[in-house]
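*Asks:* 3D model of this:
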Amino acid sequence: MRQDISHKAMSACSHGGIYSADHRLVRIDCSSSVNPLGPPAGAISAIQKNARALVPRYPDPQCSDLKKSLARYVDVEPDCISVGNGAVEIVYWFAQAFAGKQVVIPAPTFCEYELASRKAGARVTFVPLLDFELASDLIIEKAAGADALFLCNPNNPTGILSTPQVKRIIEEVGSRTKILLDECFVELVDDPGRNSMIRLAGEHDNLVILRSLTKSFGLAGLRVGYSICNPALSKRLAASTIPWNVNGLAQAAGVAALADKNYLERARSLIKKERRFLHDRIRRTKMFRPCKSDANFFMIRLSDRNSTEFRDLLLKRTGILVRDCSTFTGMGSQHIRVAVKTHRENVLLVKALESFDRDD
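*Replies:* Numbers count the residues shown, from 1 in each chain. Below is the predicted model:
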């Protein structure tokens, strides 16, 4: 079935995180889908070691060392990389540079694509997901003649990979239409190499791949995002960059994080195991139905409960914060989203949900 997207577009973008609710009540934040391992130890050490030197100094406006590290990490040339103050800054660069008059966005997905496009003056055409998967035929049809197209793989909030559909869309959408492919969660799926489209970035003049150290390396508070595309496109994309947009400590931490070669492998192993644990336990309840996901988060369908009311009640009763999905364009009020965290935290989440099941 197709999700309903007939309601009016949001006037503001809602996100998870402890400040999306009364942060004083939050004991465990399951609303933010950040690497459950936390930041690599090397990143914290880099901040501690370099703070005295870097804090009083203006940061490198070109992010030269970080760009070189990112280029080695994804195996491209440094001039294919642009670095932003979080991935969301690059979303706004992309919209300002390429949104033009008409933008196509599948729904539900990350809300900042819509807000950035509207801020750039573009009209937004939503293409509803089909059973929470990309409707590639309809996207290709609607993207004909459009200025820009946003895609997210795995998608947020569904957590579902649509790699074959994404590849087909990239291949068939005309080169006039610029494509932003958000891969901010792809490094935390079971097989990121097979599901990433970075290898296509050099082959297509209209493709921008978006990545983030926020999600993959647990650096949410430092705000480091980056994009990969051909050098000409990268230059246009970053034309509106403000000076010193990425602070010096964030740059140093990013370089150190990328140097930890085993960190992401450990994270993926943990996520795979704990996602299965959460699904198996939650599936036994009467009130909650976990949805399929390939990512480090997944949606849960609620039985006879409003998602906003349930989020608030769960937080008040247990100190656990989940993501209310009703604020995503195209979603109703029957789903919450939870992040896969450490086993101890996941056990507490399961017990909290089970307590509601007993009370029903």
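*Asks:* mind showing which ranges of this protein have poor pLDDT?
*Replies:* Residues of the chain meeting the criterion pLDDT under 70: 1-12, 359-360.
*Asks:* Outline the domain layout of it.
*Replies:* If you go by automatic domain parsing, the domain ranges for the chain are 18-38+263-359, 41-258.
*Asks:* since we're on Phe297, how many residues are nearby?
*Replies:* By the criterion of other C-beta atoms under 10 Å, Phe297 has 27 neighbours. The C-beta positions use only the backbone N, C-alpha and C, and glycine is treated the same way.
*Asks:* which residues does it form a beta bridge with?
*Replies:* Ala339 (DSSP bridges).
*Asks:* was I right about it contacting Lys341?
*Replies:* No - assessed by C-beta atoms under 8 Å, Phe297 is found out of contact with Lys341, at 9.8 Å.
*Asks:* For Ile320, give me its contacts.
*Replies:* 26-28, 30, 314, 348-349, 352 (C-beta atoms under 8 Å, 6 or more residues apart in numbering).
*Asks:* got it, and Ala232?
*Replies:* Asp205.
*Asks:* same question, Phe94
*Replies:* Counted by C-beta under 8 Å, 6+ apart, Phe94 has contacts 116, 148, 178, 180, 208, 210, 227, 237.
*Asks:* do Val26 as well
*Replies:* 18, 315, 319-321.
*Asks:* and these as a markdown table, adding distance to Val74 and secondary structure?
*Replies:* Below are the contacts of Val26 laid out as a markdown table (distance: C-beta to C-beta, whole Å; DSSP: H, G, I helix; E, B strand; the rest coil):
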| residue | distance to Val74 | secondary structure |
| --- | --- | --- |
| Ile18 | 31 | helix |
| Leu315 | 38 | helix |
| Gly319 | 38 | coil |
| Ile320 | 35 | strand |
| Leu321 | 33 | strand |
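*Asks:* out of the residues you listed, which are buried?
*Replies:* The neighbour count (16 or more other C-beta atoms under 10 Å) marks 18, 315, 320-321 as buried among the contacts of Val26.
*Asks:* Can you tell me which of those residues lies closest to Asn35?
*Replies:* Asn35 lies nearest to Ile18 out of the buried ones among the contacts of Val26, by C-beta to C-beta, at 16.6 Å.
*Asks:* doesn't Val186 make contact with Arg268?
*Replies:* No - assessed by C-beta under 8 Å, Arg268 is found out of contact with Val186, at 11.0 Å.
*Asks:* Neighbour count for the two, which is higher?
*Replies:* Val186 (27 against 18).
*Asks:* just checking, the more buried one touches Pro154?
*Replies:* Yes - in this structure Val186 lies within contact range of Pro154 using C-beta under 8 Å: 6.6 Å.
*Asks:* Any figure for the gap between the residue nearest to Leu264 when sequence neighbours are not counted and Cys13?
*Replies:* Sequence neighbours aside, Glu187 is the residue nearest to Leu264 in space, at 5.7 Å (criterion: C-beta to C-beta, 6 or more residues apart in numbering). Using C-beta to C-beta, to the nearest Å, Glu187 is found at 24 Å from Cys13.
*Asks:* between those two, who's got more neighbours?
*Replies:* Neighbours were counted for Glu187 and for Cys13 using other C-beta under 10 Å; Glu187 has more, 21 against 14.
*Asks:* That one contacts Tyr263, doesn't it?
*Replies:* No - contact criterion C-beta under 8 Å: Glu187 and Tyr263 do not qualify, at 10.2 Å.
*Asks:* circling back: in a markdown table, list the contacts of Phe94 along with neighbour count.
*Replies:* A markdown table is the format used below for the contacts of Phe94 (neighbours: other C-beta atoms under 10 Å):
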| residue | neighbour count |
| --- | --- |
| Ala116 | 25 |
| Ala148 | 29 |
| Lys178 | 27 |
| Leu180 | 28 |
| Val208 | 27 |
| Leu210 | 24 |
| Ser227 | 29 |
| Leu237 | 22 |
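*Asks:* That's all I had, so thanks and see you.
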